[in-house]
Each structure stands twice: as structure tokens, then as C-alpha cells.
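**Q** build me a model from this:
(chains A, B, C and D)
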Amino acid sequence: MTDYNIKIENVVASTKLADEFDLTKIEAEFEGAEYNKQKFPGLVYRVSEPKAAFLVFTSGKVVCTGAKNVADVHTVISNMAKKLNEIGIKTIKEPEITVQNIVASADLHAVLNLNAIAIGLGLENIEYEPEQFPGLVYRIDKPKVVVLIFSSGKLVVTGGKTPENCAEGVEVVKQQLDSMGLL
Amino acid sequence: RLRKWQRRIRVSNATERNLAFALSELDRMASALGLPRTVRETAAVVYRKAVDKNLIRGRSIEGVAAAALYAACRQCSVPRTLDEIGEVSRVSRKEIGRTYRFISRELSLKLMPTSPIDYVPRFCSGLNLKGEVQSKGVEILRQASEKELTSGRGPTGVAAAAIYIASILCGERRTQREVADVAGVTEVTIRNRYKELAEELDIEIIL
DNA sequence: GCTTTAAAAAGTAAGTT
DNA sequence: AACTTACTTTAAAAAGC
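**A** The predicted model follows:
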């Protein structure tokens, strides 16, 4: 029916795996790990299956990004803890994982007139500068998310903490455009 | 009391000094871009409003001045691109764009995106094209916006493509390279836009 | 504010072939 | 002219400048 083809493209989460990390040791033991303290305080480590990227800090805190769904986030963080254990680094048993941001794409299946939408949604609520970026930026309060609206009818929803937030954001945009007869 | 009085004078001096600097900056940039007096005055008004609302905090005077000038050009329908403003400012185009969005929101300027039509007079004169070509270009752009061919596209690219087509239809052909240079876009962009316009508006281009 | 990560949207740009 | 690569925008966390 209302197929908006909502697809989660990226999930960002944070957690704490230990009280402290020796990033230099991890860099030496983990293949492909990058750590340049002057460049960035965190160690960068990429994994595949599921694909994801980690930012590991000396405080024991970790940022996981690039996962395609929330379940994968738990999987890759669990795998990461195991690898650390194999290297002789103790990790916290059941780390509290917090999803910080979800990026999703969707499709309204309709060609849109962004100028009309800019007026309809109110110039004070949107940002549309085609000279700099082809998408119209719409910040929503209800689910606190930001939706990028393109003339092709495709959308990008970001800023949400749950997949539901993203779906709500798409619904809000869809209904608003509908009520203004712009869809 | 005397100390407070002196402090006020000091603050006042600093404020006036900063305003004077900002206004001289606006004048310098406006002159470099050959902008009319009305635009400079509009930019000065925007800048003063920004000062009155304390929007300068944490921002450079040059950045706010450049953003005010960019906004003024749009308000006066004689737009300059962020790249053009950036060329006469010491502030990066990214910073100007960011500051523009900020003051635009805080001062509720409520400006619609620049219309490609507003670039036609300047681009045409830069190509030594007369009124007939301009009119034809504007006509093409009117049809283009009606057929949703401008949403999400860069205004300068669409304007350049329309002028390119108009110059051919009027027998005053300019090359894509020439149009691209005055419009500040690449030939590839003009090619993509003009093909789209020609096809959707059923215009036959005989090269 | 910046630095680093990932990912999508669509337009524009730049370098190769 | 095609391809490829890359940059524009959005959000969010991490530690430090």
C-alpha cells in the first residue's frame, strides 16, 4: 500500500567496553587499525560482515557507525569485544549500547516542486538553497528528525534514535504535502 | 561613575569602529562586484539589523558583512553566487553560506531561492547578447519552472542553458564554453541542462 | 568550531580515457 | 562524451584542541 521503501542506511551507536584502552597496543594487534593521536584522539577500525567502522577511545568508550540495522550494531560490538579479549584485553560484560542516530532513505513516488513546498511548509521552517544543495531541509519537532526532500520524491531522514522515528518522519512529511495538495 | 562613563565611551568607540570597518568592507566588496548603490545600502541595513540583534557574537565582521551582501543581492534581485561573493571576501564560501543561513533565519529574511531569471540580464550582457535573446531566455525559463525543470538544480546552470538555447534560436549563437565562463558553471552542466530543457519543452536545436 | 566515521539523496565538478 | 572519484547537506557520539 503505502510503500515508502523506507530503508535504514546507517546506524550510529556508542557504548563503553572498558575503563581504559591502550590504543597503541590495539593498533599493533589489529590489522588495519589506524591511530594518529595528533590527527584524531580515537583509533579507527573497520570490520566486515556485518560491515561497520569503530572509533575507539582511551577512555574505553567506543563509537560504532556504518551498520545497516540495530541488530548488526549489537553483533559487531559483541564481535569487537571478543577480538579484544583474544588480544588479552578485558572488556565489560554486558555493555550498555545506545543508538545515537539513524539515517534512512525513503521514496514518496512523486515528482515534487520544491519551491512550492518551501512556501507551503513556511520559509521560516525550512532551508532550500539549490545553489548549494539540491535537497530541501525540513526539521521536524514531533519525532525530532531532519528530512531532506528531493525533487525526485526521494527522502533522507536522519537524527532519529529508532527506526520508528524515521517512519514517523516520513509519514509527517507525506501528510503535510498531501494536505497542501503538493503530492 | 566616571569609570562607567569611560567604559561606555570605550564600548561606543569599539562599536563605531567595528561598524565603520563593516561598512567599508561592504563598500569595498560591492565596488569590486560593481554593485549599484541600492544594493550596498540594503546590505548596510541588513548588517545593522544583525548588529542590533547581537548576531555578530562568535562570528567575524567580514563573514557577517559578506553574508549581508549576499542576502542584499538576492533581496534586490541582482544575485551574485556565493563563489562570486567569496572571491572578493577573505572569508570562505562555506563560511559565508553558513553565516547567511544564520542571519537569514534570525532576521526572518524569508528569501525564496534565487530564480534563474534574475541571472539572465547579467549573463546576457556579459555575452553581449541583446534584449531579444534575453526575452527568449526568460520565456524558456518561465516554461521550465512550470514543467518542474528547475527544482533542485543550480539556478546559474539552468539560466546558462536557457541563454545558450536562446542565443541559437535568435541566430546569435554563443558556444557552451563562452556561456559556461560567464555563468561560472562547467560545459557539462550546460549540456545536461540544455538537453533536458530542449527535450521537455520540445525545442529543436540545430547546431 | 574543528578533527574522524558511515550512508543516502541529486547536482555539480574535475580528472582520465 | 563516458567513467570515476569526490565534494555539497543532514544527524550524533567520542576526546581534545
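**Q** tell me where chain A has helices.
**A** For chain A, applying DSSP state H gives helices covering A:23-29, A:70-86, A:114-121, A:163-179.
**Q** elements contacting the second one?
**A** It stands for helix A:70-86. With contacts taken as 3 or more C-beta pairs under 8 Å, 6 or more residues apart in numbering or on different chains; DSSP states H and E, helix A:70-86 sits against strand A:7-16, strand A:43-47, strand A:52-56, strand A:61-67. Heads up, the C-betas are built off the backbone N, CA and C, glycines and all.
**Q** which pLDDT does the model give whichever residue of chain B sits closest to DNA strand D?
**A** Residue nearest to DNA strand D within chain B: B:Arg191 (4.1 Å; C-beta to the nearest atom of the strand). Note on B:Arg191: pLDDT of 97.
**Q** in which helix or strand would I find it?
**A** helix B:187-200 (DSSP states H and E).
**Q** what residues does stretch B:78-98 touch?
**A** Residues from elsewhere that reach stretch B:78-98 (C-beta atoms under 8 Å, 6 or more residues apart in numbering or on different chains): A:129, A:131-132, B:28-29, B:32-33, B:35-36, B:39, B:60, B:62-63, B:65-67, B:69-70, B:73, B:99-100, B:114, B:118-119, B:122, B:155-156, B:184.
**Q** buried members of those residues into ChimeraX, please.
**A** Burial among these is assessed by 16 or more other C-beta atoms under 10 Å in any protein chain shown; the matching ChimeraX selection reads:
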select /A:129,131,132 /B:29,33,35,39,62,63,65,66,67,69,70,73,99,100,114,118,119,122,155,156,184
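**Q** now, which of the contacts of stretch B:78-98 lie close to DNA strand D?
**A** By C-beta under 7 Å from any atom of the strand, the members of the contacts of stretch B:78-98 lying near DNA strand D are A:Gln132.
**Q** on that earlier part again, could I get the helices and strands packed on helix A:70-86 as TSV with distance to A:Leu182?
**A** Shown next, in TSV, are those (distance: least, C-beta to C-beta, whole Å):
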stretch	distance to A:Leu182
strand A:7-16	24
strand A:43-47	42
strand A:52-56	38
strand A:61-67	34
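**Q** quick one: low-confidence ranges for the chain?
**A** Using chain A here. Within chain A, the stretches with pLDDT under 70 are A:1.
**Q** that answer is for a different chain, and I need it for chain B
**A** B:11.
**Q** what's the first-to-last distance across stretch A:54-62?
**A** In stretch A:54-62, first residue to last residue: 7 Å (C-alpha to C-alpha, to the nearest Å).
**Q** list the contacts of A:Leu121.
**A** A:Leu121 sits in contact with A:138, A:176, where contact means C-beta under 8 Å, 6+ apart.
**Q** please apply the same query to the one 4 residues further on.
**A** Contacts for A:Asn125 were tallied using C-beta under 8 Å, 6+ apart; they are A:138-139.
**Q** how close does it get to DNA strand C?
**A** 19 Å (C-beta to the nearest atom of the strand, to the nearest Å).
**Q** ranges for the strands of chain B?
**A** With DSSP state E, there are no strands along chain B.
**Q** so which residue is dead centre in it?
**A** Against the mean C-alpha coordinate of chain B, by C-alpha atoms, centre = their mean, the closest residue is B:Arg80 at 2.4 Å.
**Q** quick one on the thing from earlier: out of the helices of chain A, which comes closest to B:Ile205?
**A** For the helices of chain A, distance to B:Ile205 was read as C-beta to C-beta. The smallest value, 26.6 Å, belongs to helix A:114-121.
**Q** what residues does chain B have near DNA strand C?
**A** Of all the residues in chain B, those lying near DNA strand C are B:98, B:152-154, B:157-158, B:184-186, B:188-189, B:192-193, going by C-beta under 7 Å from any atom of the strand.
**Q** buried subset of those as a ChimeraX selection?
**A** Selection of buried members from these for ChimeraX, criterion 16+ other C-beta under 10 Å:
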select /B:152,153,154,157,158,184,185,189,193
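**Q** okay, the residues of chain B next to DNA strand C in TSV with distance to A:Lys174 next?
**A** Listed next are the residues of chain B next to DNA strand C as TSV, based on distance: C-beta to C-beta, whole Å:
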residue	distance to A:Lys174
B:Arg98	30
B:Gly152	19
B:Arg153	24
B:Gly154	27
B:Gly157	30
B:Val158	28
B:Gly184	37
B:Val185	34
B:Thr186	36
B:Val188	35
B:Thr189	32
B:Asn192	30
B:Arg193	30
